[in-house]
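In: Structure, please.
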Amino acid sequence: MTLFPEVVAELLARDITDVPLFAGGIIGPADVGPLAAVGIERCFPPGTPLPDIVSWLRERLGTATTQEETADA
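Out: Model (predicted):
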């Protein structure tokens with residue numbers, strides 16, 4: 001709850017609004033709502049499998065593809 005609001009404030013001060021913001025690691029459940037309120041779209045708790053994070057990010061960016069599709073390209 002210290003660094004993320006500062007990062008969001010700095011991005012907004014620079015008029016950078018097209019960056020998906022997400023967090024991971026040891027973030028208490030009580031902090032998820034306040035982080036969402038300042039602009040963090042998604043919080044991934046400890047132990048979240050990396051493929052889950054990548055899948056969310058691809059969906060968010062509109063680049064959802066499977067590994068098979070990528071390998072075939």
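In: Helices of this protein, start to end?
Out: Along the chain, the segments classed as helices by DSSP state H run 3-13, 29-38, 50-61, 67-72.
In: Which of those helices sits closest to residue 44?
Out: Shortest distance between residue 44 and the helices of the chain, using CB to CB, is found for helix 50-61: 5.5 Å. All C-beta atoms are positioned from the backbone trio N, CA, C, and that covers glycine.
In: Skipping adjacent residues, who's closest to the residue nearest the centre of the chain in space?
Out: Within the chain, the residue whose C-alpha comes closest to the C-alpha centroid is residue 22; the distance, by CA atoms, centre = their mean, is 2.0 Å. Computed as CB to CB, 6 or more residues apart in numbering, the closest residue to residue 22 that is not its neighbour in sequence is residue 42, at 4.4 Å.
In: Pretty sure the one you found sits against residue 59.
Out: No. Residue 42 lies out of contact with residue 59 (CB atoms under 8 Å); the separation is 10.5 Å.
In: Pick out whichever of the two has more residues nearby.
Out: Counted by other CB atoms under 10 Å, residue 42 and residue 59 do not tie: residue 42 has more neighbours, with 17 against 10.
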